[in-house]
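Undergrad: no sequence for this one, just the structure:
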């Protein structure tokens, strides 16, 4: 008999992010196996109605107007949850709807699972003052939330180690977000060239992510300046949108790269697949990733990766096998990119290995791993008398 899973998230489509992609991927696999998944998420303007998705009134975030902040209250939630009769609640944030989901997990006496997607302490640069104390408060807040859950899911083991260091006592299980590898096996290899009128003789370096300070695109652009000086028949394609777009565009202009760095803006899922397949190499400089799902997607499309070795990325790239990991050092980063650009045989070997290694985190395998976690925690919860039965 299939499970009835309630997912509470502070971000969901039409907004695009790694969290959204994760929820979409797991949900598709669950439903394909006969499980029922219900998603509780913020509402957006002109948001299309979807089966199994319940929207909360929301307001635009002050620092990112593309992102919606849900008002964590609805008179319809109580009767809706009673009707759904959920087996488990899985939250994807320790804030707003995540806390609301946690509250109702306790009221319903069903297990509470939390996926720790984001190193929130690495985002305090958005706070204008008191960043050091804010960082410590954030760690304590996250640890306390985790310790009130029944199970913590982390995308990579290194993130679990960090949570333990913060004082998290709840059981932690690494389960990466999977990738539907077959989606990336397409024959069209010129979409970016056609879409953005790029000279077909150019080699394309591609990077994907939200254009925020924590993604470290400034480092990437500075590195590319030196790469371009050696290889003028290259272009850097940056996919994504965010608050730093104007700053990054100005940086490109000052470096003489105005027409050499291409900002595509946000792409659809189908366009993303075409973009990966148009490129020759994936480059990534973020130092805050808990997994780096875009790295796995790039590998599924057969792209070698050059990335800064930090947190989850260290588990997503097999150094010298399907790409290279470097220190946060411009010279070392440039060296590895140039090594691949100057050795087509090496690039082909890394490309082949990238496709093979992407299979290790197929969406089906990862979904099955998480479903087993659900079954285990439900069985454990059924044997506990810790929580008394209650109704909403």
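TA: Alright, I've got the coordinates. Since the model is a prediction, treat every value here as computed from it, not as a measurement.

Undergrad: which helix runs longest in this structure?
TA: When the chain is scanned for its longest helix (criterion: DSSP state H), the result is helix 363-382.

Undergrad: who are the packing partners of that one?
TA: For helix 363-382, the elements it packs on are helix 18-32, strand 88-91, strand 112-115, strand 151-154, judged by 3 or more CB pairs under 8 Å, 6 or more residues apart in numbering; DSSP states H and E. No exception for glycine: its C-beta is placed from N, CA and C like everyone else's.

Undergrad: what's the angle between that helix and helix 18-32?
TA: 80 degrees (axes from the mean of the first three to the mean of the last three CA atoms, to 10 degrees).

Undergrad: which helix or which strand is home to the nearest residue to residue 118 once chain neighbours are set aside?
TA: If the residues on either side of it in the chain are set aside, residue 118 comes closest to residue 290, at 6.4 Å by CB to CB, 6 or more residues apart in numbering. Assigned by DSSP states H and E, residue 290 belongs to neither a helix nor a strand.

Undergrad: ranking helices and strands of the chain by mean pLDDT, which lands last?
TA: strand 64-70 (a mean of 85; mean pLDDT, DSSP states H and E).

Undergrad: in it, what's buried?
TA: 64, 66, 67, 68, 69, 70 (16 or more other CB atoms under 10 Å).

Undergrad: please name the residues that touch the residue most central in space within the chain.
TA: For the chain, the residue nearest the mean C-alpha position is residue 18 (2.2 Å; CA atoms, centre = their mean). Residue 18 sits next to 117, 177, 291, 293, 294 when contact means CB atoms under 8 Å, 6 or more residues apart in numbering.

Undergrad: residues in contact with the fourth one?
TA: Think residue 293. Contacts of residue 293 by CB under 8 Å, 6+ apart are 18, 21, 22, 155, 177, 179.

Undergrad: ok, now residue 190?
TA: Shown in contact with residue 190 (CB under 8 Å, 6+ apart): 200, 278.

Undergrad: pLDDT wise, what is it at?
TA: We have a pLDDT of 95 for residue 190.

Undergrad: give me phi/psi at it?
TA: Dihedral angles of residue 190 (phi, psi; degrees, to the nearest 10) stand at phi -130, psi 20.

Undergrad: on that earlier part again, can you pull the buried residues of the longest helix of the chain?
TA: Buried, per 16+ other CB under 10 Å, within helix 363-382: 363, 365, 366, 367, 369, 370, 371, 373, 374, 377, 381.

Undergrad: residue 154 versus the nearest residue to the fourth one once chain neighbours are set aside, what's the distance?
TA: Read that as residue 367. If the residues on either side of it in the chain are set aside, residue 367 comes closest to residue 29, at 3.5 Å by CB to CB, 6+ apart. Using CB to CB, to the nearest Å, residue 29 is found at 19 Å from residue 154.

Undergrad: over to residue 260?
TA: The value you get for residue 260 to residue 154, if CB to CB is used, is 38 Å.

Undergrad: how about the buried residues of helix 363-382 in a markdown table, adding pLDDT and distance to residue 213?
TA: Formatted as a markdown table, those follow (pLDDT from 0 to 100; distance: CB to CB, whole Å):
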| residue | pLDDT | distance to residue 213 |
| --- | --- | --- |
| 363 | 91 | 31 |
| 365 | 90 | 34 |
| 366 | 93 | 30 |
| 367 | 95 | 33 |
| 369 | 95 | 33 |
| 370 | 97 | 31 |
| 371 | 97 | 36 |
| 373 | 97 | 34 |
| 374 | 97 | 36 |
| 377 | 95 | 36 |
| 381 | 85 | 41 |
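
Undergrad: looking at those residues, which is nearest residue 107?
TA: Using CB to CB, residue 381 comes nearest to residue 107 of the buried residues of helix 363-382, at 14.2 Å.

Undergrad: can you verify my assumption that the closest one contacts residue 112?
TA: No. The pair formed by residue 381 and residue 112 falls short of the contact definition of CB atoms under 8 Å, at 9.3 Å.

Undergrad: now do the shared contacts for those two.
TA: The contact sets of residue 381 and residue 112 overlap at residue 150 (CB under 8 Å, 6+ apart).

Undergrad: any stretches of the stretch 51-200 of the chain with poor pLDDT?
TA: Applying pLDDT under 70 to the stretch 51-200 of the chain picks out residues 120-131.
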